[in-house]
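fold the following for me, if possible:
(one chain, ligands or ions: 1)
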Amino acid sequence: MDLPPVGLGTMGIDDERVVRTAIDAGYRHLDTAQIYDNEAVVGAGIDAAAVDRSDLLVATKLWVDSLGPSAVRPGTAASLDRLGLDAVDLLYVHRPRGDYDPEETLPAIEAVREDGLARHVGVSNFEPEQLAAAREYVDIAAHQVEFHPLYWREDLLADARANGYPLVAYSPLAGGRVFDEPVIRDIAERRDASPAAVSIAWVTSYEPVVTIPKASSRAHLEANLAAAELELADAEIERIEGIDREEELFPE
Ligand SMILES: NC(=O)c1ccc[n+]([C@@H]2O[C@H](COP(=O)([O-])OP(=O)(O)OC[C@H]3O[C@@H](n4cnc5c(N)ncnc54)[C@H](OP(=O)(O)O)[C@@H]3O)[C@@H](O)[C@H]2O)c1
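Prediction:
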């Protein structure tokens, strides 16, 4: 999939005007999920924006209780109904747990894809062995994982590189926790940039990583879109790689 470097994460967005503003500001990749309880808000924002549906990449995720073989189709249909769309561009398995069983879940998702309800299948929060098992049933079009200066995984990056799909970095600002990180702050000051911009520039400096920061104000939305244009030097990238890693924000 050809995803732009920066898309919109919508977890916590409950106002369609934010989605519309983001699209007007230039966002083309919109990421929601059943569990965010805002697919209708995202759909209303898409509907209100002055951009053709065909120019947008809309992703949603089946929650763990929609992964049983007989739940996939009605779950997908319900998401499309809330979004007001005929199809999503990317339909993810949100987490490989609950009713997830690769042998049953993935053929069911592949069937809804073949019927045109989704253009591509993605996975999220998978381990390398789970990715390998999933590849027996679907072409993985994207893997969405936690990836920011305080937590990231080389093994998942390596799998994306080896198998040729984009890694979609979620929580690139660690929900705001990167703003107090001394290395990030120092690089930001030297560059006359914000810590948010440095974090997004660092995340998107890796091939094939794209990201989906969540933002609410027009100023944050525009700044995050522009951040991918900030080019960090190798030494700056390595300094950020040297930050002590913390626990995941979103463990199982
Ligand atoms: N697949 C999964 O399991 C999973 C798990 C977690 C998240 N996600 C996805 O990843 C997306 C992003 O992750 P996240 O929501 O956890 O956090 P995030 O994008 O790391 O951080 C969002 C926070 O940073 C603030 N912010 C954004 N841009 C800023 C800027 N330029 N300057 C200062 N502050 C800024 C936002 O404030 P304002 O809103 O006030 O602008 C918000 O409080 C989610 O929305 C969701 O789509 C996926």
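
switch to C-alpha atoms for all contacts and neighbour counts from now on
Fine.

what backbone torsions are found at the residue located most distally from the centre of the chain?
For the chain, the largest distance from the centre (C-alpha atoms, centre = their mean) belongs to R190, which lies 29.2 Å off. Backbone torsions for R190, taken as degrees, to the nearest 10, come to phi -60, psi -30.

and the gap between it and the ligand?
Taken as C-alpha to the nearest ligand atom, to the nearest Å, the spacing of R190 relative to the ligand amounts to 17 Å.

how near is that residue to V183?
Shown here: R190 relative to V183, a distance of 11 Å by C-alpha to C-alpha, to the nearest Å.

now do stretch 74-81: distance to the chain's middle.
Its chain's average C-alpha position is 20 Å from that of stretch 74-81, according to C-alpha atoms, centre = their mean, to the nearest Å.

if we look at that stretch, which residues are touching it?
By C-alpha atoms under 8 Å, 6 or more residues apart in numbering, the residues outside stretch 74-81 that reach it are 34, 39, 60, 62, 66, 86-88, 117.

count of neighbours near the closest residue to V72 other than its chain neighbours?
In space, and not counting its chain neighbours, V72 is closest to S66: 5.4 Å by C-alpha to C-alpha, 6 or more residues apart in numbering. Burial of S66, expressed as a neighbour count using other C-alpha atoms under 10 Å, amounts to 22.

now do the contacts for S66.
Neighbours of S66 in contact, by C-alpha under 8 Å, 6+ apart: 72, 75, 99.

then L249?
Residues in contact with L249 (C-alpha under 8 Å, 6+ apart) are 146, 174.

pretty sure it sits in a helix.
No: counting by DSSP: H, G, I helix; E, B strand; the rest coil, L249 falls outside a helix, being coil.
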